[in-house]
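Q: Quick one, structure for this:
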Amino acid sequence: MRSRDGRELRSFSFEEEAPGQEVRAVERRVLLETLASRLPSNSISYLSRLRGLKKQGDGGTLLELDDGSKILAEIVIGCDGIRSPIAKWMGFSETKYVGHCAFRGLGHYPEGQPFKSKVNYIYGRGQRVGFVPVSPTNVYWFICFNSPSPGPRITDPSILKKEALNLIKGWPSELTDIIQNTPDDIIIKTPLVDRWLWPGFSPPASKGNVVVIGDAWHPMTPNLGQGACCALEDSVVLAGKLAGALSSGNEQMVERALREFGEERWGRVFPLTVRANFVGSLLQWKNPVVCGLRDNVMIPKLVRLGPFLEHTNFECELMESVVSS
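A: Predicted coordinates:
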């Protein structure tokens, strides 16, 4: 952890401060390709956007896609992201902008990236930057910055790179190097959003034979690194709930399994969503006095790695083990 002038604030060793913990950074493309490779061929139809869905009298759900095709499904699992039309159909509110935006990219070094296997954070006033190697040739990076509004959507990749570089003028030169080594077309800028699942006010995760998981259900800011991890947890728990219900051949058992999934997972995802929002608010401080307190007292003397990572330990009874996400 460093300040924007390059001064080291704190350095952690997992072996010393959090025995048994680790961080593994994986490219999203590699993760998705790995998961998809385990499915039968032709299981996935790409670029098939959902236009709408309708309940059928026989208990099924009819999905209508933008290309005009239709699918009659016995079970619908909505894992279609923060703008999920399935979540909207189920009555969930729109996601809420939290006051920060983020640039993200993947620096590419064909001859080998020069960085050690460390997670690097650099803090400024109302801005923070992070980068971590994800392979021998690629380095993931992000810039999170305060903004009163998301601003206009920019599609020109060269403009996005220019904006990202302007944000880190005067910061350590290695940041500029990583961004300069990032192909323009893989730099993205997104507003950070979340949705809090208030008990008694938010809809349940399922309606009949339709259920939402991952960002479609519980979008959270990336400040804890748990968005995709929670989606994977969802899939493991949901698969376990459905396995027994499907083998029974009873439609009511399936609907019950979906309800139980939502009830069980709510206690996990709601606190993480709130905590991620709170941590992000603290890390995006702009007041110079508060930032000075953070850089000279909180990070060097008070922050402990072990307690900070406790949220990554997820006990899945179905697997009879502890999964660190």
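
Q: If you count neighbours, what's buried in stretch 9-20?
A: Using 16 or more other Cβ atoms under 10 Å as the test for burial, stretch 9-20 gives 9, 12, 18. The C-beta positions use only the backbone N, C-alpha and C, and glycine is treated the same way.

Q: Mind exporting the C-alpha coordinates of stretch 222-237 to CSV?
A: Once non-C-alpha atoms are left out, stretch 222-237 reads as follows in CSV (Å, rounded to 0.1, in the frame of the first residue of the first chain):
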residue,chain,number,x,y,z
PRO,A,222,-15.9,-4.2,-6.2
ASN,A,223,-14.3,-2.9,-3.1
LEU,A,224,-14.1,-6.4,-1.4
GLY,A,225,-13.4,-8.3,-4.6
GLN,A,226,-16.4,-10.5,-3.9
GLY,A,227,-18.9,-9.9,-6.8
ALA,A,228,-17.9,-12.8,-9.1
CYS,A,229,-16.9,-14.9,-6.0
CYS,A,230,-20.4,-14.6,-4.6
ALA,A,231,-21.9,-15.5,-8.0
LEU,A,232,-19.8,-18.7,-7.9
GLU,A,233,-21.0,-19.4,-4.4
ASP,A,234,-24.6,-18.9,-5.6
SER,A,235,-24.1,-21.5,-8.3
VAL,A,236,-22.7,-24.1,-5.9
VAL,A,237,-25.5,-23.6,-3.4
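
Q: Show me how far it is from its chain's centre.
A: A distance of 7 Å separates the centroid of the chain from that of stretch 222-237, by Cα atoms, centre = their mean, to the nearest Å.

Q: can you list contacts of it?
A: Contacting residues not belonging to stretch 222-237 are listed as 28, 31, 79, 102, 142, 192, 213-215, 217-220, 261, 264-265, 268-269, 272, 275-277, 279-280, 283, 311-312, 314, 316, 318-319, 323, 325 [Cβ atoms under 8 Å, 6 or more residues apart in numbering].

Q: From those, list the buried ones, please.
A: For those, a neighbour count by 16+ other Cβ under 10 Å gives the buried set as 79, 102, 142, 192, 213-215, 217-220, 261, 265, 268-269, 272, 275-277, 280, 283, 311-312, 314, 325.

Q: Restricted to helices, list these.
A: Under the assignment DSSP state H, the buried ones among the contacts of stretch 222-237 contribute 261, 265, 268, 269, 272, 275, 276, 277, 280, 283 to helices.

Q: Could you dump those residues into TSV with distance to residue 87 and pLDDT added?
A: Shown next, in TSV, are those (distance: Cβ to Cβ, whole Å; pLDDT from 0 to 100):
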residue	distance to residue 87	pLDDT
261	15	96
265	15	95
268	18	94
269	14	96
272	18	95
275	22	94
276	19	95
277	19	96
280	22	92
283	28	90
